[in-house]
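Engineer: Mind looking at a prediction? Sequence and model below.
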Amino acid sequence: MALSVSLLLASSVSEFSACSVDSGTHECRLWGATADSVPTSVVRDHLVSMQYSLKNLGASNRNGWALAYFNKTLSKPVTHRGRLPANMDPAFDEAVNEIADNDPQTIVGHVRIATSGLVDIPDPHPFNRSKNGKWWLFAHNGGVSKSITIELMGNEFLNENLTQVGNGPDEWVDSELYFLYVLKCIEDQGWNVTLGITQAITTICEKNNYGVMNFLLTNGEHLWGFCKGYGLHYRYTSTSETTPQWTVIASQPPTSTYEGWALLDDFDLLEASKK
């Protein structure tokens, strides 16, 4: 499995200080994993059983949940969404059990506390879009300016790539506009994902450097995690006699301690592949 961390922008670009990772400072929570086969124990423990599992984090992220996954047989990701908090919704556990039992290779999970757009709906993260022969998933932890992302992507692109959530700017979710702009920049860079993300982050920061921009992005083959504004952690476990190698990226480690987890700095981009 390839695993790399790169610095997209010099730290001098921003005087923004990363927030602490206390449960009260985040907006939403992210969790993503990739492997040739994500171990069943990782899926169930990280998403349901552990102290800070995504399910338990639903208590402070009350505006729904979503889980999406790829495996070797799927032509597109399967996504489950709920409107209730994850810790109160039996459908969350059912979705986790389905994922764990279907040999997942890449998973993205999100619990939402809404900061923009429609609220009383199933969690729209991860947003999905089919582009360049691949399905892309994107989940965001933070907030960016809708007006700036709309200005940067332009009305022509937006009209050709209509939002899937909401009718008009008041109902649109800032994260979906952010996703669309990241995809536009990746396309502009000939589908070089690192260059595209770099272009998107650079231009947004030039307009307004105080956005909180953490995200997970996957095309089913690679999982990218970008950090700016809130803590973003990762854990990589190499192959053993009993367990295949896997990588997890999370806004908050599910364990009661941070042992075995590394913290990304602002403007770090981590890329992990499933093999």
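Structural biologist: Alright, I've got the coordinates.
Engineer: how about the strands in the stretch 101-250 of the chain?
Structural biologist: Under the criterion DSSP state E, counting those that start in this stretch, the stretch 101-250 of the chain contains strands at 104-111, 127-131, 134-143, 212-218, 222-226, 233-237, 246-250.
Engineer: need the helices for this structure, in chain order.
Structural biologist: 40-44, 54-57, 90-100, 146-153, 155-160, 174-188, 193-207 (DSSP state H).
Engineer: and those helices as TSV, adding mean pLDDT, distance to Glu259 and mean neighbour count?
Structural biologist: The way it works is simple: take the backbone N, C-alpha and C, and place the C-beta from them, glycine included. Shown next, in TSV, are these (pLDDT from 0 to 100; distance: least, CB to CB, whole Å; neighbours: other CB atoms under 10 Å):
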stretch	mean pLDDT	distance to Glu259	mean neighbour count
helix 40-44	96	16	17
helix 54-57	96	19	24
helix 90-100	98	24	18
helix 146-153	95	38	19
helix 155-160	95	44	11
helix 174-188	97	31	24
helix 193-207	94	30	18
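Engineer: Could you dump the ones you listed into CSV with distance to Ser116 added?
Structural biologist: Shown next, in CSV, are the helices of the chain (distance: least, CB to CB, whole Å):
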stretch, distance to Ser116
helix 40-44, 30
helix 54-57, 20
helix 90-100, 23
helix 146-153, 7
helix 155-160, 16
helix 174-188, 4
helix 193-207, 15
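Engineer: quick one, which of the ones you listed is nearest to His233?
Structural biologist: Taking CB to CB, helix 54-57 is the member of the helices of the chain nearest to His233, at 13.5 Å.
Engineer: Please list all residues in contact with Leu67.
Structural biologist: Counting by CB atoms under 8 Å, 6 or more residues apart in numbering, Leu67 touches Leu47, Thr79, His80, Phe92, Ala95, Val96, Ile99, Ile107, Val108, Gly109, His110.
Engineer: switch the cut-off to 10 Å
Structural biologist: Listed by CB atoms under 10 Å, 6 or more residues apart in numbering, the contact partners of Leu67 are 31, 43, 47, 54, 77-82, 86, 92, 95-96, 98-99, 104, 107-111, 123, 126.
Engineer: got the strands of the stretch 101-250 of the chain as a markdown table, with mean neighbour count columns?
Structural biologist: Output for these, formatted as a markdown table (neighbours: other CB atoms under 10 Å):
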| stretch | mean neighbour count |
| --- | --- |
| strand 104-111 | 28 |
| strand 127-131 | 16 |
| strand 134-143 | 23 |
| strand 212-218 | 25 |
| strand 222-226 | 23 |
| strand 233-237 | 19 |
| strand 246-250 | 24 |
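Engineer: can you list those in a markdown table and add mean pLDDT and distance to Arg62?
Structural biologist: Below are those laid out as a markdown table (pLDDT from 0 to 100; distance: least, CB to CB, whole Å):
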| stretch | mean pLDDT | distance to Arg62 |
| --- | --- | --- |
| strand 104-111 | 97 | 9 |
| strand 127-131 | 97 | 20 |
| strand 134-143 | 95 | 16 |
| strand 212-218 | 95 | 19 |
| strand 222-226 | 96 | 24 |
| strand 233-237 | 93 | 23 |
| strand 246-250 | 95 | 19 |
